[in-house]
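Engineer: Take this sequence and fold it.
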Amino acid sequence: MSDETNESPAHLSHAGAVVDKAIEYMMQQNLSSLAIASALLGGSMALLARSMSDEAIIGVLNNAIGSVRSGELRDQQDHNAD
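Structural biologist: Predicted structure coming up:
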């Protein structure tokens with residue numbers, strides 16, 4: 001079974017909760033936001049490289065770039081601060 005078929009909302013929610021806890025732990029260890037984000041991004045890229053083609057990874061990155069350019073990430077951050 002491929003990773004794509006395991007992407008149920010429950011799996012995504014669980015994975016997100018685990019990542020949130022890992023970030024919380026690293027912040028408690030006084031690691032910088034840049035160090036945490038860089039480590040998570042590097043790990044994410046390595047994981048994607050195991051299961052996706054380079055072109056598919058570029059598509060994911062282009063979607064992320066689009067989210068940054070549109071302000072979507074800032075909008076989510078502002079919404080979560082409420």
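Engineer: C-alpha only now, for contacts and for neighbours.
Structural biologist: Will do.
Engineer: What residues sit buried inside the helix or strand where Ser13 lies?
Structural biologist: Per DSSP states H and E: Ser13 is located in helix 9-28. Buried residues in helix 9-28, counted by 16 or more other Cα atoms under 10 Å: Ile23.
Engineer: helices and strands around it, which ones?
Structural biologist: helix 33-51 (3 or more Cα pairs under 8 Å, 6 or more residues apart in numbering; DSSP states H and E).
Engineer: so how far is the helix holding Ser13 from its chain's centroid?
Structural biologist: How far helix 9-28 lies from its chain's middle: 10 Å, per Cα atoms, centre = their mean, to the nearest Å.
Engineer: Not counting that helix itself, show me its contacts.
Structural biologist: Ser33, Ile36 (Cα atoms under 8 Å, 6 or more residues apart in numbering).
Engineer: Now with 6 Å, please.
Structural biologist: Helix 9-28 is contacted by no other residue when judged by Cα atoms under 6 Å, 6 or more residues apart in numbering.
Engineer: Extract the CA atoms of that helix and return them as CSV.
Structural biologist: The C-alpha trace of helix 9-28 is given here as CSV (Å, rounded to 0.1, in the frame of the first residue of the first chain):
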residue,chain,number,x,y,z
PRO,A,9,-7.9,12.6,7.7
ALA,A,10,-7.2,10.6,10.9
HIS,A,11,-3.6,9.8,9.7
LEU,A,12,-3.0,13.4,8.8
SER,A,13,-4.4,14.6,12.1
HIS,A,14,-2.3,12.1,14.1
ALA,A,15,0.9,13.0,12.2
GLY,A,16,0.2,16.7,12.7
ALA,A,17,-0.3,16.2,16.4
VAL,A,18,3.0,14.3,16.7
VAL,A,19,4.9,17.1,14.8
ASP,A,20,3.3,19.7,17.0
LYS,A,21,4.5,17.9,20.1
ALA,A,22,8.0,17.5,18.6
ILE,A,23,8.1,21.3,17.9
GLU,A,24,6.9,22.0,21.4
TYR,A,25,9.6,19.8,22.9
MET,A,26,12.4,21.4,20.7
MET,A,27,11.2,24.9,21.7
GLN,A,28,11.4,23.9,25.4
